[in-house]
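S.K.: Predicted model follows, preceded by the sequence.
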Amino acid sequence: MLMPFAHISDTHLDCPGSSDFIKRLHREVRDPLENLTCCLQELAARKVAFVLHTGDMVHEGDAGDYAILRRLFDKYLPGVPVIAAMGNHDHRAAFREGFLGIPSPGDEDFTQEVVLDGLRILVLDSAKSGLIGSVSDAQVDWLEERLASPAPRGTFLMMHHPTVCEHPAMALEVSPEFSSLVENSDIHAIFTGHTHSNYNGFFAGKPLYTADSLAFGMLYIQSEVIYTSRSSYNLCWLDEQGQVTTHNQLLYPEVQVLQRKSIAQMIQGLPR
């Protein structure tokens, strides 16, 4: 029997601390909150079993902004588990307090293990170096401990930065130990975000799925990156053999170009 679930990413909800670029989206194109609401309404109709959010939930927000996000999920998908990873525009303490309801004065890495009907979902915190990202040795040790025994329905691994993508400037820096650990595990699939571009590939022999952004899209063409109003998410299914099927769901058919940058300009920092 197929288990339907959703993979969403980079919602970048507008809040007082957001950049001029995000505020421009709100004013001139489409409010990211409107995009997320539309997505959640569609997911409610699909009756998904759970949602994976691979980071950049709100754009430089505080605990109150994460609480707004939590209420949105509770309104449209009551009782549906939402598993989230930290993005480079997320604030860990604010996320823990506002989204999870856990007071947290510090900024320690956010890792999590969730088991749903025999499926193990492991969350890593790659949002350590901004654009590129990294996973600490302590997290690799944590991952190794959990992968020591297989899960009944296998394992999903999720984090914000992809290990492979269209442009290396956006990829996660990984060690040979990390690659070997993933390769020799019961991981069925890896889920990431960050690039604002839908991408499917392989890492260490495992399928890797990178979801589009629900706020704005990015196209990588030779030495240029083009920012667009594209917004979408992935509707996914897990079968009893652990195979994952994904289908990219575009929210709106019309797409407009918002701005263009060279890859060199992008490497200096994403629009904040």
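M.R.: It's in.
S.K.: Not counting residues beside it along the chain, what's closest to the residue sitting nearest the centre point of the chain?
M.R.: Geometric centre of the chain, nearest residue: residue 54, 1.5 Å, by Cα atoms, centre = their mean. Leaving aside its chain neighbours, residue 54 sits nearest to residue 193 (3.5 Å; criterion: Cβ to Cβ, 6 or more residues apart in numbering). For glycine as for every other residue, the C-beta is placed from the backbone atoms N, C-alpha and C.
S.K.: Please enumerate the helices of the stretch 1-150 of the chain.
M.R.: 20-24, 32-46, 63-76, 92-98, 137-147 (DSSP state H, counting those that start in this stretch).
S.K.: which intervals of the stretch 51-200 of the chain have sub-threshold pLDDT?
M.R.: Applying pLDDT under 70 to the stretch 51-200 of the chain flags the ranges 129-130.
S.K.: hmm, back to that, dump the residue contacts of the residue nearest to residue 54.
M.R.: 9-10, 54-56, 85, 87, 160, 162, 210-211, 213 (Cβ atoms under 8 Å, 6 or more residues apart in numbering).
S.K.: all strands for the chain, in order.
M.R.: Per DSSP state E, the chain carries strands over the ranges 3-8, 51-53, 82-84, 112-116, 119-123, 155-158, 187-192, 199-203, 206-210, 217-221, 224-228, 232-238, 244-250, 257-262.
S.K.: Let me know how buried the closest residue to residue 157 other than its chain neighbours is, in neighbour terms.
M.R.: Counting by Cβ to Cβ, 6+ apart, residue 157 lies nearest to residue 190, which is 4.8 Å off, once chain neighbours are set aside. Neighbours of residue 190 under the rule other Cβ atoms under 10 Å: 26.
S.K.: cool, and residue 27?
M.R.: Residue 27: 10 neighbours (other Cβ under 10 Å).
S.K.: any idea how far it lies from residue 166?
M.R.: 29 Å (Cβ to Cβ, to the nearest Å).
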